[in-house]
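Colleague: Everything below, folded, please.
(chains A and B)
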2 protein chains.
Amino acid sequence: MRPGDDLAALLCHVAPPDLADEDVLSIAHKVVSKAEGRVRDLREVTPSPRAVELAAEHDKDPRAVQVILDESAQLLRAERGILISETHSGLVCANAGVDGSNVEDPETVVLLPEDPDASARALRARIAELAGKRPAVLISDTFGRAWRLGQTDVAIGAAGVRALDDWRGRRDYAGRELRATQDAVGDALAGAADLARAKDSRQPAVLIRGLDRFVTLEDGPGAAALRRPPEEDLFR
Amino acid sequence: MRPGDDLAALLCHVAPPDLADEDVLSIAHKVVSKAEGRVRDLREVTPSPRAVELAAEHDKDPRAVQVILDESAQLLRAERGILISETHSGLVCANAGVDGSNVEDPETVVLLPEDPDASARALRARIAELAGKRPAVLISDTFGRAWRLGQTDVAIGAAGVRALDDWRGRRDYAGRELRATQDAVGDALAGAADLARAKDSRQPAVLIRGLDRFVTLEDGPGAAALRRPPEEDLFR
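Modeller: Got it, this is the predicted structure:
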């Protein structure tokens, strides 16, 4: 995948002939970022004094740290080799999503899409144009969690899928009002898709079927619905 | 489900005839807790002055707050009606996992199993005894996340499934060493299982097939492998 490549065309090419409007296509962000040219050549990066200092403290490449700082709206933690940022698009994750794994050139890093929900909407529209079917599109990345070891795939972009399914105000079977229940469906879908492939399988997309109840005609609010507003965050 | 009921027998009764050793049975903790008698009758709880104070501040039932404090090793946050605890078994979650939804008696709350990995091992052994097949067992609960809205189901107990799949030291396809990759497979499985049912469906168990590569003969370290040690936690 190279900048300007038509990812939607490639996805349509490998999609099954019975691709349907009710399907969800979960796509690893890396291939989206590559197609969008969201990559940085480390040879062209001049690290700032702050990047040099952070890199020395955390045993990292100062040029990679500079890219992480460029991609960060705010650095939330820098401890024991781990940098946790909030990105300009409001995602909280390690290294502002800047990633050098599964990239051919070791001097190149991949960034997150600038606006992952817009990327998902554009892919959905282009797939509809090419295939005559309009499945929901989900863009995933692999995030760590504050209190739990290991990473899971989460939804960073979405179009046509109810990423946050709000049950608040509805009642449980005993008639009690559910006060806090909001299902992070987008993240569960991204995690489920990741189970269907191995980390080194180079399979960027997974087709999910049978979850029509989460698929919507309109593109909707996307994965932005899953970002906790900073003022509601108890753990910054 | 009542204290002392044979949950494994019930699961075997509803399991498909081709239940296999390679299957993963994901079970919502609530039914496990009920069978284990991990419920509290609020009418028998006398709240301490601290519980009364917290309850007034956060618009909660002081008796429920007392149960939350009883189940907590440490209260990490108490803000805007939200209590985040570390439980005695080392899980970080809202209300120490104490939950009143989907319970027949409004004066009763359900606790987490005392040792969810032990619960999973016992269920796996009992199912093997009754069915002659020994699927992996996963026990799930619904947890919130620090920076993301909505909840996902995660694995709080496991037997026979690689809850944390460690890729550190292995190489990506370009030959670069993966330094941080640990897949939280248990949590992705719990989340995927939750997609297969609605919140009010009263379906406590979901059978997951086709993921033999995560199923192990031995019970293994369980979901304890997913708990981040407090000294590695950057967000307490």
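Colleague: Where do the strands of chain A begin and end?
Modeller: A:24-28, A:39-41, A:72-79, A:82-87, A:92-94, A:108-110, A:136-143, A:152-159, A:165-166, A:182-183, A:205-208 (DSSP state E).
Colleague: Serialize those to TSV and add fields for distance to chain B.
Modeller: Using the backbone N, CA and C atoms, a C-beta is placed for each residue, glycine as well. Formatted as TSV, the strands of chain A follow (distance: least, Cβ to the nearest Cβ, whole Å):
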stretch	distance to chain B
strand A:24-28	10
strand A:39-41	14
strand A:72-79	5
strand A:82-87	7
strand A:92-94	4
strand A:108-110	10
strand A:136-143	8
strand A:152-159	5
strand A:165-166	8
strand A:182-183	4
strand A:205-208	9
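Colleague: winner for burial among the ones you listed?
Modeller: strand A:152-159 (a mean of 30; mean count of other Cβ atoms under 10 Å in any protein chain shown).
Colleague: okay, the angle between it and strand A:82-87?
Modeller: Interaxial angle, strand A:152-159 versus strand A:82-87 (axes from the mean of the first three to the mean of the last three Cα atoms, to 10 degrees): 10 degrees.
Colleague: what about the top helix by length along chain A and chain B, touching?
Modeller: Scanning chain A for the helix with the most residues, using DSSP state H, yields helix A:116-131. No: counting by Cβ under 8 Å from any Cβ of the partner chain, chain B is not contacted by helix A:116-131; separation bottoms out at 13.8 Å.
Colleague: just checking, what packs against that helix?
Modeller: helix A:7-14, strand A:24-28, helix A:29-35, strand A:136-143, strand A:152-159 (3 or more Cβ pairs under 8 Å, 6 or more residues apart in numbering or on different chains; DSSP states H and E).
Colleague: what's the first one in contact with?
Modeller: Helix A:7-14 is contacted from outside by A:1, A:19, A:25, A:27, A:31-32, A:35, A:123, A:126-127, A:129-131, A:205, using Cβ atoms under 8 Å, 6 or more residues apart in numbering or on different chains.
Colleague: For these, give me CSV that also has pLDDT and distance to B:T181.
Modeller: Output for the contacts of helix A:7-14, formatted as CSV (pLDDT from 0 to 100; distance: Cβ to Cβ, whole Å):
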residue, pLDDT, distance to B:T181
A:M1, 86, 21
A:L19, 98, 31
A:L25, 98, 24
A:I27, 97, 19
A:V31, 95, 18
A:V32, 97, 20
A:A35, 97, 23
A:L123, 98, 26
A:R126, 98, 31
A:I127, 98, 30
A:E129, 98, 36
A:L130, 98, 33
A:A131, 97, 33
A:A205, 96, 20
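Colleague: which of those tops the neighbour count?
Modeller: A:V32 (28 neighbours; other Cβ atoms under 10 Å in any protein chain shown).
Colleague: mind listing what that residue touches?
Modeller: Under the contact definition (Cβ under 8 Å, 6+ apart), the residues listed for A:V32 are A:7, A:113, A:116, A:119, A:123, A:139, A:157.
Colleague: Pull up the gap between the first one and chain B, please.
Modeller: Relative to chain B, A:L7 is positioned 19 Å away (Cβ to the nearest Cβ, to the nearest Å).
Colleague: Next, count neighbours for that residue.
Modeller: Should you count by other Cβ under 10 Å, A:L7 turns out to have 21 residues around it.
Colleague: Check which helices and strands the helix or strand of chain A with the lowest mean pLDDT is in contact with.
Modeller: Within chain A, no helix or strand scores below strand A:165-166, which has a mean of 90 by mean pLDDT, DSSP states H and E. Strand A:165-166 is packed against strand A:182-183, with contacts defined by 3+ Cβ pairs under 8 Å, 6+ apart.
Colleague: redo that, cut-off 10 Å
Modeller: strand A:182-183, helix A:185-195 (3 or more Cβ pairs under 10 Å, 6 or more residues apart in numbering or on different chains; DSSP states H and E).
Colleague: Tell me which of the ones you listed sits most buried.
Modeller: Highest mean neighbour count of those: helix A:185-195, a mean of 28 (counted as mean count of other Cβ under 10 Å).
Colleague: mean confidence score for that one?
Modeller: When pLDDT is averaged over helix A:185-195, the result is 97.
Colleague: do it and chain B meet?
Modeller: Yes: Helix A:185-195 is in contact with chain B by Cβ under 10 Å from any Cβ of the partner chain, via A:185-195.
Colleague: per-residue pLDDT, A:Y173?
Modeller: For A:Y173, the model assigns a pLDDT of 68.
Colleague: now swap in A:R134 and tell me
Modeller: Predicted confidence (pLDDT) for A:R134: 98.
Colleague: Please name the residues that touch the closest residue to it other than its chain neighbours.
Modeller: For A:R134, ignoring the flanking residues on the chain, the nearest one in space by Cβ to Cβ, 6 or more residues apart in numbering or on different chains is A:A128 at 3.9 Å. By Cβ atoms under 10 Å, 6 or more residues apart in numbering or on different chains, the contact set of A:A128 is A:8, A:12, A:21, A:134-135, A:160.
Colleague: ditto for A:P16
Modeller: A:23, A:207, A:209.
Colleague: Return the distance of it relative to A:A205.
Modeller: Applying Cβ to Cβ, to the nearest Å, the value for A:P16 to A:A205 is 12 Å.
Colleague: what does A:P62 give?
Modeller: For A:P62, the distance to A:A205 - Cβ to Cβ - is 34 Å.
Colleague: again, but for A:F214
Modeller: 18 Å.
Colleague: Buried ones in stretch A:100-108, by neighbour count?
Modeller: Residues of stretch A:100-108 classed as buried: A:100-103 (neighbour count, 16 or more other Cβ atoms under 10 Å in any protein chain shown).
Colleague: Which ones, among the residues you listed, also lie beside chain B?
Modeller: Within the set of those, contact with chain B (Cβ under 10 Å from any Cβ) is found for A:100-103.
Colleague: would CSV of those residues with pLDDT be doable?
Modeller: Below are these laid out as CSV (pLDDT from 0 to 100):
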residue, pLDDT
A:G100, 84
A:S101, 77
A:N102, 71
A:V103, 77
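Colleague: of all these, which two lie farthest apart?
Modeller: A:G100 and A:N102 (8.6 Å; Cβ to Cβ).
Colleague: what residues are shared contacts of these two?
Modeller: In contact with both A:G100 and A:N102: A:110, B:172, B:174, B:176, using Cβ under 10 Å, 6+ apart.
Colleague: For PyMOL, write a command that selects the buried ones of the residues you listed.
Modeller: To isolate the buried subset of the shared contacts of A:G100 and A:N102 in PyMOL, counting by 16+ other Cβ under 10 Å, use the following:
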select buried, (chain A and resi 110) or (chain B and resi 172)
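Colleague: quick one: which of the shared contacts of A:G100 and A:N102 is nearest to B:V52?
Modeller: Nearest member of the shared contacts of A:G100 and A:N102 to B:V52, counting by Cβ to Cβ, is A:V110, at 53.2 Å.
Colleague: Let me have the helices and strands packed on strand A:165-166 in a markdown table, extended by distance to A:A225.
Modeller: As requested, the helices and strands packed on strand A:165-166 are exported to a markdown table (distance: least, Cβ to Cβ, whole Å):
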| stretch | distance to A:A225 |
| --- | --- |
| strand A:182-183 | 9 |
| helix A:185-195 | 8 |
